[in-house]
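Engineer: Sequence first, then the predicted structure, then my questions.
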Amino acid sequence: MPLVAEGMAIAGIAALLAGIILVRSRFTAATGVSKLLVLGPVCEAIALAIFAAEHFLAARDLAPIVPRWLPSPLFWTYFFGVALLAAAISFLAFRCVRWSASLLALFFLLIVITVDLPGVPKGLHERLFWTLTVREISFACGALILAASQWPRDRKAPLLPATALAAALATIARLTLAAIFVFYAIEHFLFPHNVPGVPLEKMTPAWMPAPVLISYITGLTLLAAAPGLLIPRTRRLAAAVSGAVLLLLTVFFYIPILLTELHSPLAVEGVNYVGDTLLFAATALLAGFGVDKQHNPSLSAAI
């Protein structure tokens, strides 16, 4: 396995082990679908740790992505690696999450503004360009919903301005995420032989059983979850089910593909696909955060 892929995998496994230990109290306190939702920050942290390691180990390969108007691209590559690692630690320990999640949302939005949007004229009619752009937006939405869920609320008192703003941003984030779910669902139906989850250009390997069926099930899940995220009564269930399906994809679809690519030039790409899908699964789970917090103290303690 190449050094970069090995380092990324080790970082992800370390975050997984830490997450299993640190999430136990919140997992035990949660009930019903909330037990799945509390895994959202852990999944997010694992993916962030994977990408942080990539920033450290493959900095010179990633530096050209930094906008040209920013000086010292290598410095910014390492800087954002540190930022991703800090966010991962914050999510694992579940400390200072309001601020780490807010800054993470800003990070993803900055990628959209500085890296993706300048490419609109060239990629306007390319499916992959929009798939990647809305992927970063979806990651920002998940982090924003998590941040908003951590602002204090009191059902007997009027919302503070900051809390009201956080609630409004969370609503916008869910609306955006629901639209992205529909967009990705349609792609699953139109391109069922491409890998599912985040439907990128990679084709599903021929040895994978029932690739079209897997793609259709994923697409149907996202399509059903989209309106569910917008209805308070079904929001947590929609987030839990879509997140669970994406987690299953990560474990039983992308990890087996990675294992076949470990000793090939595609090893780093394989780890990236695992991290991408895991981050999208985390985003789906985080969409269920903040629901009924003011009505259920035990749920508030869990998520």
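Structural biologist: Yes, it's here.

Engineer: what about this structure, any weak spots by pLDDT?
Structural biologist: 1, 152-160, 162, 291-303 (pLDDT under 70).

Engineer: Tell me where the longest helix sits in it.
Structural biologist: In the chain, assigned by DSSP state H, the helix with the most residues is helix 161-190.

Engineer: Packing partners of that helix?
Structural biologist: Judged by 3 or more C-beta pairs under 8 Å, 6 or more residues apart in numbering; DSSP states H and E, helix 161-190 is in contact with helix 127-149, helix 211-230. The C-beta positions use only the backbone N, C-alpha and C, and glycine is treated the same way.

Engineer: okay, the helix or strand where I21 lies in CSV with CA atoms only?
Structural biologist: Per DSSP states H and E, I21 falls inside helix 3-22. Coordinates of the C-alpha atoms in helix 3-22 are reproduced here as CSV (Å, rounded to 0.1, in the frame of the first residue of the first chain):
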residue,chain,number,x,y,z
LEU,A,3,2.5,5.5,2.1
VAL,A,4,-0.2,8.2,1.6
ALA,A,5,-3.0,5.6,1.4
GLU,A,6,-1.6,3.8,4.5
GLY,A,7,-1.4,7.0,6.5
MET,A,8,-4.9,7.9,5.5
ALA,A,9,-6.2,4.5,6.5
ILE,A,10,-4.4,4.5,9.8
ALA,A,11,-5.8,8.0,10.6
GLY,A,12,-9.3,6.7,9.9
ILE,A,13,-8.9,3.6,12.0
ALA,A,14,-7.5,5.6,14.9
ALA,A,15,-10.5,8.0,14.7
LEU,A,16,-12.9,5.0,14.6
LEU,A,17,-11.4,3.5,17.7
ALA,A,18,-11.4,6.8,19.6
GLY,A,19,-15.0,7.4,18.4
ILE,A,20,-16.2,4.0,19.7
ILE,A,21,-14.9,4.8,23.1
LEU,A,22,-15.9,8.4,23.3
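
Engineer: returning to what we had before: where does the longest helix of the chain sit relative to the chain's centre, distance-wise?
Structural biologist: Its chain's C-alpha centre lies 13 Å from the corresponding centre of helix 161-190 when counted by C-alpha atoms, centre = their mean, to the nearest Å.

Engineer: going forward can the numbers begin at 43, since that is how I track them
Structural biologist: Will do, 43 is the new start, and the previous item becomes helix 203-232.

Engineer: does L146 really touch A130, like I thought?
Structural biologist: No. Under the criterion of C-beta atoms under 8 Å, L146 makes no contact with A130, lying 9.5 Å away.

Engineer: Common neighbours of the two, please.
Structural biologist: Residues touching both L146 and A130 by C-beta atoms under 8 Å, 6 or more residues apart in numbering: L90.

Engineer: contacting residues for A100?
Structural biologist: Taking C-beta under 8 Å, 6+ apart as the test, what A100 contacts is V46, V310.

Engineer: Dihedrals phi and psi, it?
Structural biologist: phi -130, psi 40 (degrees, to the nearest 10).

Engineer: what kind of secondary structure is W249 in?
Structural biologist: Following DSSP: H, G, I helix; E, B strand; the rest coil, W249 is assigned to coil.

Engineer: so how far is L301 from it?
Structural biologist: Distance, W249 to L301, by C-beta to C-beta, to the nearest Å: 12 Å.

Engineer: Which of L146 and A130 has more residues huddled nearby?
Structural biologist: For L146 versus A130, neighbours defined as other C-beta atoms under 10 Å are more numerous around A130 (30 against 27).

Engineer: where's the more buried one relative to F233, distance?
Structural biologist: Distance of A130 to F233, given as C-beta to C-beta: 32 Å.

Engineer: before we move on, what about F294?
Structural biologist: Noted for F294: a distance of 21 Å to F233, by C-beta to C-beta.

Engineer: more crowded one of these two?
Structural biologist: Each of F294 and F233 has its neighbours counted (other C-beta under 10 Å); F233 has more, 18 against 11.

Engineer: nearest spatial neighbour of that one, skipping sequence neighbours?
Structural biologist: Using C-beta to C-beta, 6 or more residues apart in numbering and skipping the chain neighbours, the partner closest in space to F233 is P241 (6.1 Å).
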